[in-house]
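Undergrad: Using only what follows, build the 3D model:
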Amino acid sequence: MDTHAPVHAFLCRPMRQDDLALCAAIEACVEDGWSESALSSELSQEIARLFVAETDGVIAALAVFQLVCGEASLCAVSTAPSMRRQGAAQHLLSAAFSALFAEGAQTVFLEVRSRNDAARALYRKLGFEEIGLRRNFYQNPCDDAILMKKSL
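TA: Residues are numbered from 1 along each chain as shown. As a prediction, the model looks like this:
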């Protein structure tokens with residue numbers, strides 16, 4: 001066991017208005033990331049469910065969902081570059097799934113870039129299955145979208 005690997009306890013909670021600047025900074029580090037104004041607009045939507053994972057008072061990851069008629073759609077999940085590969089996204093998504101289930105969600109859907117092997121591996125680990133493909137769905141750079149589904 002690597003005794004030098006960082007160990008973090010993550011607190012997962014709903015995103016607040018005062019989290020927006022930090023969340024936008026994380027989103028600025030990913031392809032097609034959400035701007036602060038886009039996150040703010042989404043946060044104000046009735047169907048939106050936004051969550052953050054924090055450790056030591058610092059936001060490590062964020063997730064954006066929409067919940068409609070018992071179906072949740074994962075629109076975005078991003079981890080701060082310094083916190084990647086430390087379990088933040090996994091903890092955050094697991095907590096979000098519990099919160100969404102408590103609100104009546106039965107299924108979660110998502111789209112992921114076909115070239116994003118790390119995300120696809122995480123989603124499979126969390127119980128998602130690949131159910132379809134959308135060719136050339138993403139731009140900048142061009143990539144296919146893998147459709148995935150998880151029953152809660």
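
Undergrad: What number of neighbouring residues does residue 104 come out with?
TA: Neighbourhood size, residue 104 [other C-beta atoms under 10 Å]: 12. (Each C-beta comes from the backbone N, C-alpha and C, glycine too.)

Undergrad: Counting by contacts, list what the lengthiest helix in the chain packs against.
TA: As assigned by DSSP state H, the longest helix anywhere in the chain is helix 88-102. Contact here means 3 or more C-beta pairs under 8 Å, 6 or more residues apart in numbering; DSSP states H and E; on that basis helix 88-102 packs against strand 11-14, strand 48-55, strand 58-68, strand 71-79, helix 117-125.

Undergrad: Pull the residues that contact the next helix or strand after that helix.
TA: Proceeding N to C from helix 88-102, the next assigned helix or strand is strand 107-113, under DSSP states H and E. With contacts defined as C-beta atoms under 8 Å, 6 or more residues apart in numbering, strand 107-113 is touched by 31, 65, 70-74, 97, 100, 119-120, 123, 128, 134, 137-138, 143-152.
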